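Visitor: Model the structure of this input:
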Amino acid sequence: MKNQTKLKVIFSLVFFFVLSTSVFAQSSIKGAVKDSFGEPLPGVNIILKEINKGAVTDFDGNYEISNVNDGTYILSASFIGYKSFSKEVIVSGSDITVNITMGEDVEALDDIIITGVINPKSKIESSVSVTSLQPAKIMQSAPRSTAEIFRTIPGIRSESSGGEGNANIAVRGVPISSGGSKYVQIQEDGLPVLLYGDIAFATSDIFTRFDANVARIEAIRGGSASTLSSNAPGGIINIISKTGKSEGGLLSTAFGLDYGSFRTDFAYGSPIGDNLYFHVGGFYRVGEGVRETGFTANNGGQIKLNLTKEFENGYVRLYTKFLNDRAAGYMPMPIQVTGTNSDPTWENAPNFDATSGALQTPFLSQNVGLGSDGQLRRSKIADGMNPNSKSIGAEISFDLEGDWKIKNNGRFTINNGRFVAPFPAQVATATEIADSFGTGSTLAYANGDGNVNDNSLVSRIHMFDVELNNFNNFMNDFRISKSFESVDITVGYFKSIQNISMSWLWNSYLQEVSDDNARLINASDAIGNPLSENGLYAYGVPFWGNCCQRNYDTQYNVSAPYLNISIEASEKFTIDAGLRYDKGKVDGSFAGTVQTVFDINNDGQISVPESSVSAIDNANATTVNYDYDYVSYTFGLNYKFADNQSFFTRYSRGASAKADRILFSGLNYLDGDRINAKDFIDQAELGYKIKFDNGALYATAFYAKTTEEGGFEATSNTIIENDYSSLGVEVEGSFRFNNFDLRGAITYTNAEVTSGDNDGNTPRRQPDFIYNIIPTFNFGADQKNNFGLSFIGQTKAFAQDSNELVMPGFVMFNAFVNVGITEGLAVNLAANNLFDSLGITESEEGSITEGTTNIVRARPLPGRSISLTLSYSF
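Guide: Okay, the predicted model is just below:
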């Protein structure tokens, strides 16, 4: 019996030892999953393939896989929109930590889009042509302004040569007839920045900044844009903010290595309670900028904040924005052109580098004259484009019982500021300029450096000085949806009130053509009497008939009910249609110019410029009181061949209403039908989307017909009126080969003017091809480091609709390298226009005198600029 008892004890001890060994041989694998910016990723699937055991990351991106036996495993992580991650791990008796950084997928057809659609859909299920850009992709093109970001969107032609704003943005051959983004609506978080995209001197991009608040940018071309936003028949570009649902932040500081710029960005978001989270971020920057102005031309910043409360069936989000920025506005510059109209040679004008020079000079620091109410006023040229924007909004969305949904997004914004930039109304020799003041007149430098050489180039400057008095707006989009078995119906109502109150207060100056602190020039008559003072020869713009001392005080009240129906005819086939009715009521007034005598400098003497001072004729303002309306509609089909490929087709008709561009005397401003207050676009599309193991490809063929009544263009002092048609195809692709990524797009457009004197010609500034190619290579641990190039360019285009002078094609080479120093800390070196190429985006002159040396006024892209950024993600 004792022996049996001993055997039982020994057996029990052995059993306990074996069991203990087995238990203690089991370990845990844990860690955190973040994106390339260091922000946690919740909902990531983590799995050990060999034993089919895994976990899902929590709200903070953390995961843990428990009770893992010793052995060698492949740990895999997958998440929609990100590259799959895999790594061999060895478990050997102790817990291990594996932190994971997931890079964004080159192109994810499963990405959910919210722009230009009623209900969020994946790209492959949507019958629209859509591009989504995340911050990591955006920085690969080393952009220096928001408009430069848009150059990488297929079908979008963004003439980003005007500085931080004031860009001309066109889509699919639809023309830029008078500036801005007339047919493309720029939005922030689903609402228009301004109701009209082509307001003179107050384009939407002036009031928009890209910073660390941005989660992504979505762009819809054509498609359903015409029925889901007012004045957006060509497309919508939606800048979408981060929300802070996942905790994380960013701090970065950027320096210009070969130009004057310092910028710091910050962002932080986090849950702060039960289903309550916030995000705050912004930037501040200061410096001369990418062109040599001779003073601090860029100075200001932005801050944005949002707070979200989630409920079981929806959410409430409050958000606000404060923007106060100053950035130089770049107008056309003197450029030398020789050769022929069809085969010209474009190069720097004498004493002026087109890629680095600017018309701004420290010797012209202020603009003085009569203000909007006849009072003396002074503006600072350094204010440049100076948007002041303060907004507050709320977005509310709930799923209700019975498959009902309700959503409202509303925002009130206070907008004002200034636009002041020198425009070259004429560039000629000193002799030609002097002769315009009368026979025998002479020119001399205002600083006492003596007379100007007869053959020296002189710029006649019209100072575009515009007070943006009141651009306040209210935007509200309300929609209610009902889902049946295979049918979704949405009824919505968009309401907007947009103020447009501004004062044009322009003066005229003479200055030398020079990119190095250009000197001002005075004119004297044949017997030496002064005709100007410190470079100013007119309070107004007599060279243009004193056209442009003006006040605008108008309000645009727009109501737009809309209807959308989506039918899931089968698992693979969906049909959708939309209808929208825009009704606008416009009231207010505008006033033109009257000449008066006024002692501007209060010296008791009336100088020659003071003997005819342009003032605003407020006593004889023109009343504006008219209505306009238009109907937009769209119809689309989408057929999904498989989970990774689909085909879509769509037809749409939409319009864009005009605002200040038609407020010039001679029209009946009491009758909306007689002043042709809107322009129409008809579009047809046919598209194909496919995703494969290492990439994706989109292809869309399009046709657009534009019926346009035109609008006033300040730079040419004319009204542009044409009809157009365009036919083309846009192709967007992305590919991944191990550590090498390739992304790019090309758009071919065959556009034609179909009315007027230029019938049959190609619209001005419209190239046959626009393209971008961005190769990148990832290296280092977890592929956190990368370097790459971006090639962004276009083929040649005509300067004007007359199709005489050709602007050459160009390609901008940009480069970047990102290197991780330690966890969360990285350095970025980026070069924009690496080879300092001359890229012309527009020209005031439509022809040259062949066989001679010509000086034209054209707007070139900025030259080489290199920046260094140090960033910390946490």
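
Visitor: what's the spacing between the strand or helix carrying Pro387 and its chain's center?
Guide: According to DSSP states H and E, Pro387 maps onto strand 385-400. Centroid separation for strand 385-400 versus its chain: 18 Å, with Cα atoms, centre = their mean, to the nearest Å.

Visitor: Next, the angle from the next helix or strand after it to strand 385-400.
Guide: The helix or strand immediately downstream of strand 385-400 is strand 404-429, counting by DSSP H and E. Counting by axes from the mean of the first three to the mean of the last three Cα atoms, to 10 degrees, strand 404-429 lies at 170 degrees to strand 385-400.

Visitor: Does anything pack onto strand 404-429? Which helices or strands?
Guide: Judged by 3 or more Cβ pairs under 8 Å, 6 or more residues apart in numbering; DSSP states H and E, the packing partners of strand 404-429 are strand 191-192, strand 333-339, strand 376-380, strand 385-400, strand 457-470, strand 473-483, strand 507-512, strand 854-860. From N, CA and C alone the C-beta is placed, and that goes for glycine too.

Visitor: what mean pLDDT would you report for the first one?
Guide: Strand 191-192 comes out with an average pLDDT of 97.

Visitor: and that strand, which strands flank it?
Guide: Strand 191-192 sits in its sheet next to strand 184-188 (antiparallel), going by DSSP bridges.

Visitor: residues in contact with the partner strand?
Guide: Contacting residues not belonging to strand 184-188 are listed as 115, 156, 169-171, 192-194, 197, 204-205, 208, 225, 229-232, 234-239, 241, 321 [Cβ atoms under 8 Å, 6 or more residues apart in numbering].

Visitor: Toward the C-terminus, what is the element adjacent to the lowest-mean-pLDDT helix or strand in the chain?
Guide: Lowest by mean pLDDT, DSSP states H and E among the helices and strands of the chain is helix 2-24, with a mean of 43. As assigned by DSSP H and E, the chain's next helix or strand after helix 2-24 is strand 27-35.

Visitor: mean confidence score for that following strand?
Guide: Average pLDDT, strand 27-35: 87.

Visitor: That strand - contacts with which helices or strands?
Guide: strand 62-68, strand 85-91, strand 96-97, strand 100-102.

Visitor: how about 7 Å then?
Guide: If you count contacts as 3 or more Cβ pairs under 7 Å, 6 or more residues apart in numbering; DSSP states H and E, strand 27-35 packs onto strand 62-68, strand 96-97, strand 100-102.

Visitor: looking at those, which is buried most?
Guide: strand 100-102 (a mean of 22; mean count of other Cβ atoms under 10 Å).

Visitor: Output the contacting helices and strands for that strand.
Guide: Under the contact criterion of 3+ Cβ pairs under 7 Å, 6+ apart, strand 100-102 touches strand 27-35.

Visitor: okay, the angle between the strand it packs on and strand 62-68?
Guide: 160 degrees.

Visitor: buried stuff in strand 27-35?
Guide: The neighbour-count check on strand 27-35 (16 or more other Cβ atoms under 10 Å) flags Ser27, Ile29, Lys30, Gly31, Ala32, Val33, Lys34, Asp35 as buried.

Visitor: Stretch 728-747 now?
Guide: By neighbour count, with 16+ other Cβ under 10 Å as the criterion, the buried positions of stretch 728-747 are 728-736, 741-745, 747.

Visitor: for the record, mean pLDDT for that stretch?
Guide: Rounded mean pLDDT across stretch 728-747 is 92.

Visitor: Ok, stretch 510-519 next?
Guide: What stretch 510-519 shows for mean pLDDT is 97.

Visitor: again with stretch 46-65
Guide: If you average the pLDDT values across stretch 46-65, you get 80.

Visitor: ditto for stretch 820-828
Guide: The average pLDDT for stretch 820-828 rounds to 92.

Visitor: Between the two ends of that stretch, how far is it?
Guide: With Cα to Cα, to the nearest Å as the measure, stretch 820-828 spans 9 Å from end to end.

Visitor: What residues sit buried inside it?
Guide: Buried-residue list, stretch 820-828, by 16+ other Cβ under 10 Å: Gly820, Gly824, Ala826, Asn828.

Visitor: from memory the last one sits against Asn818, does it?
Guide: Yes. Counting by Cβ atoms under 7 Å, Asn818 is a contact partner of Asn828 at 5.0 Å.

Visitor: contacting residues for Tyr493?
Guide: By Cβ atoms under 7 Å, 6 or more residues apart in numbering, the residues touching Tyr493 are Phe478, Pro561.

Visitor: Would you confirm that it belongs to a strand?
Guide: Yes. Under DSSP: H, G, I helix; E, B strand; the rest coil, Tyr493 falls within a strand.

Visitor: quick one: it from Ser632, how far?
Guide: Counting by Cβ to Cβ, to the nearest Å, the separation of Tyr493 from Ser632 is 15 Å.

Visitor: same question, Asn551
Guide: Using Cβ to Cβ, Asn551 is found at 32 Å from Ser632.

Visitor: How about Gly235?
Guide: As judged by Cβ to Cβ, Gly235 and Ser632 stand 13 Å apart.

Visitor: Neighbour count for the two, which is higher?
Guide: Comparing Gly235 with Ser632 by neighbour count (other Cβ atoms under 10 Å), the higher total belongs to Gly235, at 32 against 26.

Visitor: Touching, the more buried one and Ser224? I think so.
Guide: No. Using Cβ under 7 Å, Gly235 is not in contact with Ser224; the gap is 10.3 Å.

Visitor: picking up where we left off before, in the buried residues of stretch 820-828, find the pair that's most separated.
Guide: Greatest spatial distance among the buried residues of stretch 820-828 (Cβ to Cβ): Gly824 and Asn828, at 13.8 Å.

Visitor: Could I get the full set of helices for the stretch 501-650 of the chain?
Guide: For the stretch 501-650 of the chain, no helices are identified by DSSP state H, counting those that start in this stretch.

Visitor: if I read this right, Leu531 contacts Asp525, doesn't it?
Guide: Yes. Leu531 lies in contact with Asp525 (Cβ under 7 Å); the separation is 5.9 Å.
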